[in-house]
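Visitor: Structure, please.
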Amino acid sequence: MTGDLNIFVREQKIFTSVTASFLPDLIPHEPVWDPRDDYDSSPEDTTSPLTTRWAYAARPWFPLVPLNPTFDGPIFECLNHSMFSLRTELDSQGKHILHRDIRERWGELEKKLLWCQELLGAGLLIPWGTVLPRPPTQYGYQRSHVDAKLAKKVAMRSRNAFLLIAAACSWHIMTRQHRGSNRPWMALLIDNPTCPIPAEWVHELSRSFVGDLSTKVARTGVFISSVHCPWELQLPMFERFSIPIWVHLKDDGSVFDPNLRHYNPSQEAIARAIEAQRPSNSTWGQSDGWGQDDGVWGQRDGGTQTQSALGWDDNALGWGPAPEAPQVDPSFPVPQRLSGQKSGEDWKAFFARRLEENRKKQEKESPAQRQSRESREQAAKSHHIPGKSSTVVVFEWQPQDEFGGFLLRVRLTKAELPVIWGNYSNSTRVYDSFRNEWDLCDQLDPTSTPDGDWEEDNFNFSDPIPDPLPPPPPAPPSLSSFLQDIRNYFGRHEVAPSADYTEGVERFVTHLRFHLGFHLAASSTRSIGGSGTFESWVEKQKFSHVCNIVGDSGKDVDSISDVQKHVITCFVGYLVTLPTSQLSEIPSDHWDLAPGTPLSTSNAFIRVYYLDIPGQERLYVIQPSQSRSLIPWKLVVPDAATAVMCLRRDWGSDISTIALKLLKKGIAFKTLQPMAVSPRAQRPLSELRTYSLGYFRPPFKAVYADYITYEQYRHEFMKEDRARAALLRGGIVWRLALHSLGLDALPLALIGISRDAVPFGQMLSLNGETHFDDDLSEEEVDFICGTYYVYTNSGCIEKLSWWPRPQAWAGSGLDVGFWSARCEAWFQTRLENIRQGVSRRRDSSDKNGPVNNLHWKNGLKFNGATKKFKKNLDAACSDFLATKASAFTDN
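Guide: Predicted coordinates for the structure are as follows:
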């Protein structure tokens, strides 16, 4: 909710809203009935679900209808059809019916959505008189029709009914979240004892327009009269979730519902709005009005327009010269003689050209001509079929299959009119009062309901809804039908390929020099303090093992002499075997952090200072030493070893360049951006849309299709702006994010924090300033690593993951502070094991599926010396920056 009261003026009517910053292009006719009493006579509105309607007490779910639904994903992709993509077939009686493949998939989806509606609404206190939407089957997609075109139109109307069921489910979910239900709505579906729904299917539902209640999913919203609000309890909930609500202020303003008092502006505010906003007329041909369900000119609810039958303003038409003769274009069908359509001219261009011509005509018409034209226009508002003696000409825009469905304007004979007129509705018939012509064009409103279909189906939706005994609850769908949706959708995918990452992976000698601080010219070796441990360790080590300890694969060390290999082994042995208190005894010719041998030269480009934040580990800020940084955020690294590594490098003073170097090496850092926001503005990440692979009951076994599903989810999550936080995490989370995004996405992560960072990201107060950066919740980190939550027999939850979670990665034999050649080799091996070794069947077993944290820790131990050497290195770098690095630091 915006919190500000917005005032809109249109056609001398005043509307206000606290949740919307715009007014819909089309405002339906305000009903004359009393919404407090007419519970059962409110219109069905299924013929135009994508249009904002007036509030009806009986249908509090209608404002949640998705405005521009995207029919994709494993659940709703079966609805992704248009009039031209729908297929029909003939039944046994020679009638036309929707193709059985589509009917079957729609029927299964209907069962699933009705079952979800039943489970989500169970136990909720539903307002008295609420009428839930009818099943889509009742709108005719399972019935036969006299011709294919009518069957398709009825199917499109039936498809709209799915949106109504979806809106009812969203309403139940929103109600539970608003009232603070103790049980998450997803758990209601997953844990149902009668028909538990698979978690992966429920997760898909949560990501669709059903479960996503954020402002990213546009909703139709609702108009409410200021005289009476039929939803006393629903209104605060809709405002909390920013559902668009527009209140129409009655002329005298003497009666104002107390529940709507915060929508009542002052007279001064109204005067300012009237001065600032001119009443907007419905202008034909605007870019947002053509071919969209919510922007089509003309009225859809029975012809109660306040404008012309065309949807044009009365002052927008005129006389002018006749249209030019069409020019023939061989790539398009030849226009019919006297149709007025030019070769290659589509319906949009035709109507736009006619509008301009009519404007010119209006400028020259005489009073008598105007009166005659307006009389014809008034008569046409009834949309009655022209009689045999009528002089009106009717054209139908017919698709030409041989030209890719291009619409051709074809004149109809009087004999054809009785059959064809009923295939169109008020919103798909256009009357031109200048030429006395009708145009019938489905594209003006692709989802409209044909007038003739009411009689053919023998079902009048405008009649009051009968209220006998409540209908029986829907039968639960089969478990296999839910899983089939997932398999059908994700079965077309394979594990995403991943080439060996070499961009930021450095060679062994470079590791020694910049990450460990080893002097490449070192030659002496000696035992320290008579330690037998050091001597024994050096004697046992193979040089390949030494390479593995510091993160290298040992494949590029052939050029190193045996003598130098021994020196390097001794240096690594010092870091592995010595206690932290004895690191100062490492020979000065070995290490640039040894006493008396600080870093050989001062870095002329950058400085480092540390921050001690209560309750957190020390952070290190890297900044230019000679000039101000040109980027809005501070580069902050979480460990001293990375800060010292940057001082050893010659990367210049451009902080964004340094950050990109770290990003390519898989090193963790933060981009803290100062924001003039109160620290109290921070909100928990849990308020954002949650990503999870779900909760499962034992026995649980993930198979190859589950990994494909997880990987597709992860790829999609990484498209979120705030998912840049995964790239800044370093380690395994960084590598999985890189697998989804690719190398080219790395620079984009440094543009700056996302819009979600304030107030949902990490917040730190540095030197009295509030700083924000993008962050990931623990659940999102688990999700990136492919984690399933599985209930144990004792009722606890065990986490099984396809990839090691950060808790298992930290301190492992691969955690060397950067992404090394050995890390990449392990990653590629694991990916190939998943690709080739994970079972395709749940009744088989393999060793490559998701495992728990303990299993990952044991599998990633490799060499315990890595953890010891890294601990000593961090301690030495921290001591250096705190006590000996005055040339580099500001502390």
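Visitor: max-length helix in the chain?
Guide: Longest helix of the chain, by residue count under DSSP state H: helix 148-179.
Visitor: Buried residues of it, list them for me.
Guide: Across helix 148-179, burial judged by 16 or more other CB atoms under 10 Å covers 148-176, 178. Glycine gets a C-beta too; all of them are placed from N, C-alpha and C.
Visitor: which secondary structure elements does that helix contact?
Guide: Helix 148-179 sits against strand 88-90, strand 96-98, helix 100-121, helix 185-190, helix 234-240, helix 451-457, with contacts defined as 3 or more CB pairs under 8 Å, 6 or more residues apart in numbering; DSSP states H and E.
Visitor: could you redo those as a markdown table and give each row mean neighbour count?
Guide: A markdown table is the format used below for the helices and strands packed on helix 148-179 (neighbours: other CB atoms under 10 Å):
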| stretch | mean neighbour count |
| --- | --- |
| strand 88-90 | 16 |
| strand 96-98 | 22 |
| helix 100-121 | 19 |
| helix 185-190 | 20 |
| helix 234-240 | 19 |
| helix 451-457 | 16 |
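Visitor: In terms of mean pLDDT, which of the ones you listed ranks lowest?
Guide: The minimum mean pLDDT among these belongs to helix 451-457 (a mean of 50).
Visitor: need the next SSE after it, C-terminal direction.
Guide: Once the chain leaves helix 451-457, the next helix or strand it forms, by DSSP states H and E, is helix 479-490.
Visitor: Please name every helix or strand in contact with that next one.
Guide: So helix 479-490, by 3+ CB pairs under 8 Å, 6+ apart, packs with helix 73-76, helix 100-121, helix 199-207, helix 704-717.
Visitor: Quick one: name whatever helix or strand follows that helix.
Guide: Next element after helix 479-490 (DSSP H and E): helix 508-510.
Visitor: Could you check that following helix and say which residues are buried?
Guide: By neighbour count on 16+ other CB under 10 Å, the buried set for helix 508-510 is F508, V509.
Visitor: so for it, what's the average pLDDT?
Guide: On average, helix 508-510 scores 88.
Visitor: again, but for stretch 832-843
Guide: Averaged over stretch 832-843, pLDDT sits at 74.
Visitor: number of nearby residues for L814?
Guide: 23 (other CB atoms under 10 Å).
Visitor: so what's the closest residue to F76 other than its chain neighbours up against?
Guide: Excluding its sequence neighbours, the residue lying closest to F76 (CB to CB, 6 or more residues apart in numbering) is S208, at 6.1 Å. By CB atoms under 8 Å, 6 or more residues apart in numbering, S208 lies in contact with G73, I75, F76, A166.
Visitor: so what's the third one up against?
Guide: When the contact criterion is CB under 8 Å, 6+ apart, the partners of F76 are P69, T70, L109, F162, S208.
Visitor: For my notes, please list the helices and strands packed on helix 479-490 in JSON lines and give distance to W128 for each entry.
Guide: Supplementary listing: the helices and strands packed on helix 479-490 in JSON lines, determined by distance: least, CB to CB, whole Å:
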{"stretch": "helix 73-76", "distance to W128": "32"}
{"stretch": "helix 100-121", "distance to W128": "15"}
{"stretch": "helix 199-207", "distance to W128": "28"}
{"stretch": "helix 704-717", "distance to W128": "41"}
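Visitor: out of those helices, nearest to W61?
Guide: helix 100-121 (9.7 Å; CB to CB).
Visitor: Check which helices and strands that closest one is in contact with.
Guide: Checking 3+ CB pairs under 8 Å, 6+ apart, helix 100-121 ends up next to helix 73-76, helix 148-179, helix 185-190, helix 479-490.
Visitor: least reliable of these going by mean pLDDT?
Guide: Mean pLDDT values for the helices and strands packed on helix 100-121 show the minimum at helix 479-490, a mean of 78.
Visitor: who are the neighbours in contact with L873?
Guide: Residues in contact with L873 (CB under 8 Å, 6+ apart) are L516, L575, A641.
Visitor: ok, those residues vs R376, which is closest?
Guide: Among these, A641 lies closest to R376 (CB to CB), at 84.6 Å.
Visitor: picking up where we left off before, and the gap between the residue nearest to F76 and V430?
Guide: 35 Å (CB to CB, to the nearest Å).
Visitor: Which of the helices and strands packed on helix 148-179 sits closest to Q836?
Guide: Among the helices and strands packed on helix 148-179, helix 185-190 comes nearest to Q836, with 31.0 Å by CB to CB.
Visitor: what helices or strands is the closest one leaning on?
Guide: helix 100-121, helix 148-179, helix 199-207.
Visitor: And those: which comes nearest H29?
Guide: Counting by CB to CB, H29 lies closest to helix 148-179 out of the helices and strands packed on helix 185-190; the figure is 20.0 Å.
Visitor: relative to helix 199-207, how tilted is that closest one?
Guide: 90 degrees (axes from the mean of the first three to the mean of the last three CA atoms, to 10 degrees).
Visitor: out of the helices and strands packed on helix 100-121, which comes closest to E232?
Guide: helix 148-179 (13.9 Å).
Visitor: what angle separates that closest one from helix 100-121?
Guide: With the same axes, to 10 degrees defining the directions, helix 148-179 sits at 20 degrees from helix 100-121.
Visitor: now helix 148-179, how far from the centre of its chain.
Guide: Offset of helix 148-179 from its chain centre (CA atoms, centre = their mean, to the nearest Å): 20 Å.
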